[in-house]
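In: Let's see this in three dimensions:
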Amino acid sequence: MTASWRGIVVVGVPVAVLLAPSFGGLDEVQHRLLAIFIFAVLAWVLEPIPIFATSVVVITAELFLISDKVPSLWALPEGSGDPLPYAGILAAFADPIIILFLGGFFLAAAATKYRLDRNLARVILAPFGTRTPMVVLALLSITALFSMFMSNTATAAMMLAVAAPVIASLEPDDPARRALVLAIPIGANIGGIGTPIGTPPNAVAINYLGPGNELGISPINFAQWMLFAVPFVVVLLAIAWLLIGRLYRSQTTHVRLEIDSRWLISPGAIIVYVTFVITVLLWLTSSWHGVPSNMIAMIPIAVFLVTGVMNAKDLRSLSWEVLWLVAGGVALGNAMFSTGLSQWFVDQVPFESFSGVVIIGVLGLVAILMSTFISNTATAALLLPLVAALGVDSPALESLGGAMPALIMTTFACSLAMALPVSTPPNSMAHATGELQTRDMARPGVLLGVIGLAATAVLVTVLVAT
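Out: Below you'll find the predicted structure:
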């Protein structure tokens with residue numbers, strides 16, 4: 001489909017829905033929001049415009065179609081549903097989840113600027129030695145660790161640059177080349193699962209699982225997320241290591257991976273080191289001192305700006321498009337949940353005829369399939385509002401712990417999609433090196449996706465039991 005036809009479909013279908021009479025028992029607010037939802041689905045799948053631009057259009061459409069400040073020309077009739085407060089819609093840009101992510105971006109940017117990331121990588125790499133399988137494990141582990149606190153894309157870019165000289169020194173047909181390159185996107189994709197700021201789908205999920213959620217779920221804070229997610233990451237990394245070693249056995253027994261970097265001792269660097277440690281420690285101990293993780297995220301923002309560690313140029317280099325993408329997902333999810341549209345979607349499917357295990361399994365499969373071809377953030381933004389409503393309404397899920405296991409399965413599945421170059425930015429970057437063909441990603445990617453879904457099922461079973 002050409003770009004012009006994609007644009008026609010993305011605009012034409014939602015407009016047709018918007019102009020059609022309400023149906024299925026929808027009130028006018030829900031009907032208009034349905035048109036916005038359809039636009040988001042089509043735009044995120046077909047991508048006639050950047051995915052972050054779609055998020056901005058979603059928020060704008062909510063303001064002008066379903067807010068309490070809708071222009072009088074197409075004002076909502078009396079008794080046509082409850083419009084949403086316009087200030088609440090705009091608040092998505094400063095949602096606590098956005099602030100949490102912004103704090104993570106500040107930490108990551110400062111760490112890169114003052115070489116904290118490269119120096120930590122050098123220190124962590126040393127114990128692994130030079131045996132080829134151990135170097136692959138080192139790349140997996142270091143990339144995964146950094147992806148818990150930094151952008152997956154930035155982490156993958158840094159680690160690919162670090163590994164490039166070693167890869168270039170190997171014979172062109174040596175399987176070790178593919179093993180070393182593959183370790184980086186796989187580590188980035190898996191590692192992002194480990195913390196609420198590791199990947200945008202986690203942030204969208206925290207909107208439903210974190211403090212202040214409306215689902216009646218016991219809130220999950222930063223440390224509690226890591227308590228179950230990090231062991232999951234460790235297990236999956238071990239499986240990935242064994243899998244890569246099995247698929248890409250090499251006769252090269254030793255490779256020397258060196259990172260040329262030295263610790264900086266300037267005042268700015270010391271401020272970064274201390275602030276990074278304090279912020280992470282406060283995140284991990286939030287259940288003790290009671291300060292929410294999004295408030296803690298303001299510490300590096302304030303410290304780095306006041307001290308000049310980060311300047312206007314650094315601010316412009318932050319991944320603002322990711323924040324806007326997440327904001328659109330938050331705004332869409334909040335609107336669907338508040339208006340009852342997500343519940344309407346759930347009511348259209350006879351979920352009562354399925355067991356809770358089947359429902360959770362299907363949700364995981366749908367999420368991983370969608371995320372294989374479109375942005376995992378967009379997938380989370382589209383699915384999680386529906387999953388949240390389903391968790392509240394479904395007796396089958398209630399017997400398994402309500403919405404929590406379904407939300408975790410869907411969220412993790414979004415990050416487990418790594419079978420194609422288009423699945424994630426780290427995959428695309430690794431493929432762009434020219435060392436990998438699509439089948440080189442598909443084999444471990446599909447296997448890790450299936451194993452990851454099974455491991456997530458075990459994880460949510462343990463969480464419910466405890």
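
In: In which helix or strand does the closest residue to residue 50 other than its chain neighbours reside?
Out: Spatially, and ignoring its direct neighbours in sequence, residue 50 is nearest to residue 321 (7.2 Å; C-beta to C-beta, 6 or more residues apart in numbering). From N, CA and C alone the C-beta is placed, and that goes for glycine too. Residue 321 belongs to helix 320-339 when assigned by DSSP states H and E.

In: now for that helix, which elements pack on it?
Out: The helices and strands touching helix 320-339, judged by 3 or more C-beta pairs under 8 Å, 6 or more residues apart in numbering; DSSP states H and E, are helix 28-46, helix 51-65, helix 86-90, helix 96-113, helix 200-209, helix 341-347, helix 376-393.

In: Could you point out which of those sits nearest residue 361?
Out: Judged by C-beta to C-beta, the one of the helices and strands packed on helix 320-339 that comes nearest to residue 361 is helix 376-393, at 13.0 Å.

In: what residues does the helix or strand following that closest one touch?
Out: Downstream of helix 376-393, the next assigned helix or strand under DSSP H and E is helix 395-398. Residues outside helix 395-398 that contact it (C-beta atoms under 8 Å, 6 or more residues apart in numbering) are 351, 352, 354, 355, 356, 359, 360, 390, 391, 403, 405, 406.

In: Let me have those in TSV, adding distance to residue 217, secondary structure and neighbour count as columns.
Out: Listed next are these as TSV, based on distance: C-beta to C-beta, whole Å; DSSP: H, G, I helix; E, B strand; the rest coil; neighbours: other C-beta atoms under 10 Å:
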residue	distance to residue 217	secondary structure	neighbour count
351	19	helix	19
352	21	helix	9
354	21	coil	16
355	21	coil	13
356	16	helix	21
359	17	helix	22
360	15	helix	28
390	13	helix	26
391	8	helix	28
403	6	helix	25
405	10	helix	24
406	11	helix	26
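
In: low pLDDT regions in this structure?
Out: Applying pLDDT under 70 to the chain flags residues 1.

In: Can you give me the domain boundaries for it?
Out: 1-93+323-339, 96-317 (the TED database).

In: quick one, phi/psi of the closest residue to residue 129 other than its chain neighbours?
Out: Of all residues not flanking residue 129 in the chain, residue 135 sits nearest, at 7.8 Å (C-beta to C-beta, 6+ apart). Residue 135 adopts backbone torsions of phi -70, psi -40, taken as degrees, to the nearest 10.

In: Does residue 135 touch residue 259 like I think?
Out: No: applying C-beta atoms under 8 Å as the test, residue 135 and residue 259 come out as separate, 12.0 Å apart.

In: State the distance from the residue nearest to residue 129 to residue 295.
Out: Using C-beta to C-beta, to the nearest Å, residue 135 is found at 40 Å from residue 295.

In: what's whatever helix or strand residue 145 lives in in contact with?
Out: Counting by DSSP H and E, the element that carries residue 145 is helix 132-147. Here helix 132-147 makes contact (C-beta under 8 Å, 6+ apart) with 117, 120-121, 124-125, 128-129, 155-156, 158-159, 163, 166, 176, 179-180, 183-184, 186-192, 194, 198-199, 233, 237, 240-241, 244-245, 250, 252-255, 257.

In: Just the buried residues out of the residues you listed, in PyMOL syntax.
Out: For the buried members of the contacts of helix 132-147, the matching PyMOL selection, counting by 16 or more other C-beta atoms under 10 Å, is:
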select buried, resi 117+120+121+125+128+155+156+158+159+163+166+176+179+180+183+184+186+187+188+189+190+191+192+194+198+199+233+237+240+241+244+245+250+255+257
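
In: Narrow the contacts of helix 132-147 to those in helices?
Out: Counting by DSSP state H, the contacts of helix 132-147 place 117, 120-121, 124-125, 155-156, 158-159, 163, 166, 176, 179-180, 183-184, 186-191, 233, 237, 240-241, 244-245 in helices.

In: separation between residue 265 and residue 114?
Out: 10 Å.

In: one step back: centre of the chain to the helix holding residue 145, how far?
Out: 20 Å (C-alpha atoms, centre = their mean, to the nearest Å).

In: ok, now stretch 104-121?
Out: In terms of C-alpha atoms, centre = their mean, the centre of stretch 104-121 is set 20 Å apart from its chain centre.

In: State the distance from the spatially closest residue to residue 54 that is not a sequence neighbour to residue 325.
Out: In this structure, residue 54 finds its nearest non-sequential neighbour in residue 43, 4.1 Å apart by C-beta to C-beta, 6+ apart. Distance, residue 43 to residue 325, using C-beta to C-beta: 12 Å.

In: Need the overlap of contacts for those two.
Out: By C-beta under 8 Å, 6+ apart, the residues touching both residue 43 and residue 325 are residue 51.

In: still on that earlier bit, which of the contacts of helix 395-398 lies closest to residue 310?
Out: Among the contacts of helix 395-398, residue 403 lies closest to residue 310 (C-beta to C-beta), at 37.9 Å.
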